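**Student:** here is the input, now give the coordinates:
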Amino acid sequence: MAAESSRSWSGVTDQLLRLRRLEDDWDGQGASAPAPATVDAALGVAGELRAVGVPPADRAIAGVNGTIFFEWHDAGRYLEVEVCAPDRTEGRWVYTDTNTVDEFTLTR
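**Tutor:** Below is the predicted model:
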C-alpha cells in the first residue's frame, strides 16, 4: 500500500453510507444490495483499520452479491478487504505481475 494517500477515512465512511441506500438490482443486472447489517459491519471494519493506523482505502464499493469491498491499489499489487456478512470479513492481496493471490480472514 502506498505510504501517502489523498483519500480520507471520512470519505470512505461517506462512500459506505451511500451504499446503505442501494436497492436490489442497483446495477441493472440483478445485483443484491448490501444489507444494513453488512454496511454497519463495514463501518466497524473501517473504524478498526483506522484505529490501528491503516491508510484510508482508495474506495469502498458494493459487490454484486451484497458484499462490500475496500480496495487499496499500489504498483504491481492491490489489496481488497471484503465484508461478506456482519460476522465475516475476508481479504486478499492480488499481485498483478504474477497473478498470485494471497487470501486471509480477518476476525473481529
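**Student:** neighbours around residue 84, how many?
**Tutor:** Neighbour count for residue 84, taken as other CB atoms under 10 Å: 17. All C-beta atoms are positioned from the backbone trio N, CA, C, and that covers glycine.
**Student:** ok but it is inside a strand, no?
**Tutor:** Yes: assignment of residue 84 by DSSP: H, G, I helix; E, B strand; the rest coil places it within a strand.
**Student:** now do the contacts for it.
**Tutor:** Going by CB atoms under 8 Å, 6 or more residues apart in numbering, residue 84 touches 38, 67, 90.
**Student:** pull out the buried residues from those.
**Tutor:** Burial by neighbour count, judged by 16 or more other CB atoms under 10 Å, picks out 38, 67 from those.
**Student:** what is the nearest of the contacts of residue 84 to residue 77?
**Tutor:** Nearest to residue 77, judged by CB to CB, of those is residue 90 at 16.9 Å.
**Student:** what about the closest one, which helix or strand?
**Tutor:** Per DSSP states H and E, residue 90 falls inside strand 88-95.
**Student:** kindly report the same for residue 72.
**Tutor:** strand 68-74.
**Student:** what score does the residue of the chain positioned farthest from its centre have for pLDDT?
**Tutor:** Distance from the centre of the chain peaks at residue 98, with 22.7 Å (CA atoms, centre = their mean). Note on residue 98: pLDDT of 89.
**Student:** much appreciated, bye for now.
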